[in-house]
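Student: Provide a 3D model corresponding to the input given below.
(4 chains)
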2 protein chains.
Amino acid sequence: MARAGLTTERLVEAGAELADEVGFEQVTVSALARRFGVKVASLYSHLKSSHDLKTRIALFALEELAGRVADALAGRAGKDALAAFADAYRDYAHEHPGRYDATRLRLDPETAARSAGVRHAQMTRAILRGYDLAEPDQTHAVRMLGSVFHGYVSLEMAGSFAHTAVDTEESWSWVVDSLDALLRNRAVPGTTSGTGAPERESRPAG
Amino acid sequence: MARAGLTTERLVEAGAELADEVGFEQVTVSALARRFGVKVASLYSHLKSSHDLKTRIALFALEELAGRVADALAGRAGKDALAAFADAYRDYAHEHPGRYDATRLRLDPETAARSAGVRHAQMTRAILRGYDLAEPDQTHAVRMLGSVFHGYVSLEMAGSFAHTAVDTEESWSWVVDSLDALLRNRAVPGTTSGTGAPERESRPAG
DNA sequence: GAAGTCGCCTACAGGTTTTAGGCAAATATG
DNA sequence: CATATTTGCCTAAAACCTGTAGGCGACTTC
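Tutor: Below is the predicted model:
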């Protein structure tokens, strides 16, 4: 009987695809075995458990997303960087809803510390270099940015914005503009932060 | 044999408690039957399915949360109302983590439209009355507030903020202050919005 | 080509979901 | 109070998912 050539990596990758197709919740060892045309028990040589599979998918997605964000951020600073970060994040969620859900899996602290999650936090801090924030404001801002981006994407994907006619794209721009203005207002006074004194930001077209 | 006195309501309520104890994910028809000391099949006279149970718990939690927010908002306006809304939301999540998770369940549009979710949106809009925002800015702001609150609480509960020493309570105040300042800056110029011209907001103590 | 490792298999045990049908307790009817 | 009806919880059983143990054939290595 020909071998299927299973490896942990291939299983995780296929699991990520499966998540995008049927939802992360519905990713199951059985479904994955079916997809490879092998018996369920065969997967347990490569995976410790169902939870292990989900954790690996989450780590994979975090890594992939971090890569995208890093690419988007390259060579940008200030508001440009902020918008690029935001869009990379949101685009990934739209393109890979299952993997995005996977990144929201609760990891135990041990695993979280080794994950690409720390890169996300570092990149967020890097963006804030364009805004001259002192500690602890910088940490507050990191948390706020993470909250807004994650919250917006989650609610949008959950359909929470669907009942109102206003374009979600427009709201997204408005939010990013607002965050930029907010961070500029929070900047330490007296430093040269590029654009100089905080001004009223331009309103989006609508 | 004595009857257990099962009703859909009692099951949903017990399911909500169970969610707080073991996590919403772990809420199962079997576990619920165990808790009532009855056989699993007995619950299917009161619940259509496992998904039905989870949906009902979600609706219950949304309703309960809406009630709390409404209480918190009574008699308040402006930044007071904003902070009360935010705290009510976050306190509920801390007090009832399982129920809070339940409110994040994806509902089909039909169900969502009949849920207390719409009350949440209305109350958010009510807060914005203190900030003189014109459409579509008002809708953008509703979405932003929802995103920040939901995102912050989600990340905080997932432990995403645990790796940094800064107090999450302090960050929360910072975020609420920032949102207040942001909304005041976004207000339509020329209207009497209480505090008059937008000023630099006071920094939190830290 | 023999020896040993590795990969996928069969078999099985335990748990959850859901349907179908039965019996007894509660309730309504005369 | 006796009887008829409804209702509530039960047993039984099928389908599916998780996880463990052990086997056998297929690759690797020399």
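Student: Okay, helices next: where are they in chain A?
Tutor: Taking DSSP state H as the criterion, chain A contains helices spanning A:8-22, A:29-36, A:50-73, A:78-95, A:97-103, A:109-114, A:117-128, A:137-157, A:168-186.
Student: Looking at the ones you listed, which is nearest to residue B:47?
Tutor: Between residue B:47 and those, the tightest spacing by C-beta to C-beta is seen for helix A:8-22, at 23.9 Å. From N, CA and C alone the C-beta is placed, and that goes for glycine too.
Student: picking up where we left off before, out of the helices of chain A, which comes closest to DNA strand C?
Tutor: Evaluated over the helices of chain A, closeness to DNA strand C peaks at helix A:29-36, with 7.1 Å, by C-beta to the nearest atom of the strand.
Student: Now do the closest one against helix A:50-73, angle only.
Tutor: Taking axes from the mean of the first three to the mean of the last three C-alpha atoms, to 10 degrees, one finds that helix A:29-36 is oriented at 70 degrees with respect to helix A:50-73.
Student: Show me which residues of helix A:29-36 are buried.
Tutor: Of the residues in helix A:29-36, those scored as buried under the neighbour-count criterion (16 or more other C-beta atoms under 10 Å in any protein chain shown) are A:29, A:32-33.
Student: gap between that helix and the chain center?
Tutor: Helix A:29-36 has its C-alpha centroid displaced from the chain centroid by 27 Å (C-alpha atoms, centre = their mean, to the nearest Å).
Student: would TSV of the helices of chain A with distance to residue B:46 and mean pLDDT be doable?
Tutor: Supplementary listing: the helices of chain A in TSV, determined by distance: least, C-beta to C-beta, whole Å; pLDDT from 0 to 100:
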stretch	distance to residue B:46	mean pLDDT
helix A:8-22	29	97
helix A:29-36	29	96
helix A:50-73	29	98
helix A:78-95	37	97
helix A:97-103	30	97
helix A:109-114	39	93
helix A:117-128	41	95
helix A:137-157	31	97
helix A:168-186	38	96
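Student: Export these as TSV, with columns for distance to residue B:105.
Tutor: Below are the helices of chain A laid out as TSV (distance: least, C-beta to C-beta, whole Å):
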stretch	distance to residue B:105
helix A:8-22	17
helix A:29-36	21
helix A:50-73	18
helix A:78-95	18
helix A:97-103	13
helix A:109-114	24
helix A:117-128	24
helix A:137-157	12
helix A:168-186	21
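Student: Using TSV, lay out those together with distance to chain B.
Tutor: Shown next, in TSV, are these (distance: least, C-beta to the nearest C-beta, whole Å):
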stretch	distance to chain B
helix A:8-22	13
helix A:29-36	17
helix A:50-73	11
helix A:78-95	11
helix A:97-103	10
helix A:109-114	6
helix A:117-128	7
helix A:137-157	3
helix A:168-186	4
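Student: Out of the ones you listed, which gets nearest to residue B:58?
Tutor: In this view, the helices of chain A are compared for proximity to residue B:58 by C-beta to C-beta, and helix A:137-157 is the closest at 14.6 Å.
Student: what about stretch A:17-24 and DNA strand D, touching?
Tutor: No. Where contact is defined by C-beta under 7 Å from any atom of the strand, no part of stretch A:17-24 touches DNA strand D; the two come within 10.5 Å at best.
Student: Pick out the residue closest to the middle of chain A.
Tutor: With distances taken as C-alpha atoms, centre = their mean, the residue of chain A nearest its centroid is residue A:89 (4.8 Å).
Student: contacting residues around the residue lying closest to that residue once chain neighbours are set aside?
Tutor: Closest residue in space to residue A:89, ignoring its immediate chain neighbours: residue A:149 at 5.1 Å, by C-beta to C-beta, 6 or more residues apart in numbering or on different chains. Under the criterion of C-beta atoms under 8 Å, 6 or more residues apart in numbering or on different chains, the contact list for residue A:149 reads A:85-86, A:89-90, B:151.
Student: May I ask which two of those residues are separated the most?
Tutor: Largest separation among these by C-beta to C-beta: A:85 and B:151, giving 14.6 Å.
Student: Tell me the residues of chain A that contact DNA strand D?
Tutor: Counting by C-beta under 7 Å from any atom of the strand, the residues of chain A near DNA strand D are A:1-3, A:28-31, A:40-41, A:44, A:49-51.
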